[in-house]
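# got a sequence here, can you build the structure:
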Amino acid sequence: IRATPEKLPLGQKPGAPAQFDMTLISLGSRTPHLGTLDVGQVRMIFRLPRQFGKDSRPLAYIELFTPLRVPDPSSQMRQLLHST
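Residues are numbered from 1 along each chain as shown. As a prediction, the model looks like this:
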């Protein structure tokens, strides 16, 4: 899983856009065809400072999307919308 910020151009070196991977997350969704999977976009990967405990595993901030809808009849694709 990857989450990288935008890189601005520096001298002759070109910049690069931000990249945020999509992920399937088990949260107990109501989507019958994908079981209990929800869709999210990883926005940041970070570690908590030591003062919050000894566990130094990386954590992820993930923006969730609305539950998957019934596939569109013409394209057979499901629509995703950012959750509010």
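# so where's this structure uncertain?
27-36 (pLDDT under 70).
# report the contact partners of residue 64.
Neighbour list for residue 64: 25, 27, 38, 39, 40, 83 [criterion: C-beta atoms under 8 Å, 6 or more residues apart in numbering]. Glycine gets a C-beta too; all of them are placed from N, C-alpha and C.
# what is the nearest of those to residue 73?
Of all the contacts of residue 64, residue 39 has the smallest distance to residue 73: 20.8 Å, by C-beta to C-beta.
# surely the closest one meets residue 25?
Yes. Between residue 39 and residue 25 there is a contact under C-beta atoms under 8 Å: 7.4 Å.
# which of the contacts of residue 64 are buried?
Buried members of those, scored by 16 or more other C-beta atoms under 10 Å, are 25, 38, 39, 40.
# checking the second one next. Helix, strand or coil?
Using DSSP: H, G, I helix; E, B strand; the rest coil, the secondary structure recorded for residue 38 is strand.
# now the contacts of residue 64 in TSV, with distance to residue 73?
Compiled in TSV, these are given as follows (distance: C-beta to C-beta, whole Å):
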residue	distance to residue 73
25	27
27	27
38	23
39	21
40	26
83	24
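# closest to residue 16 out of those?
Nearest to residue 16 among those, with distances taken as C-beta to C-beta, is residue 40, at 22.8 Å.
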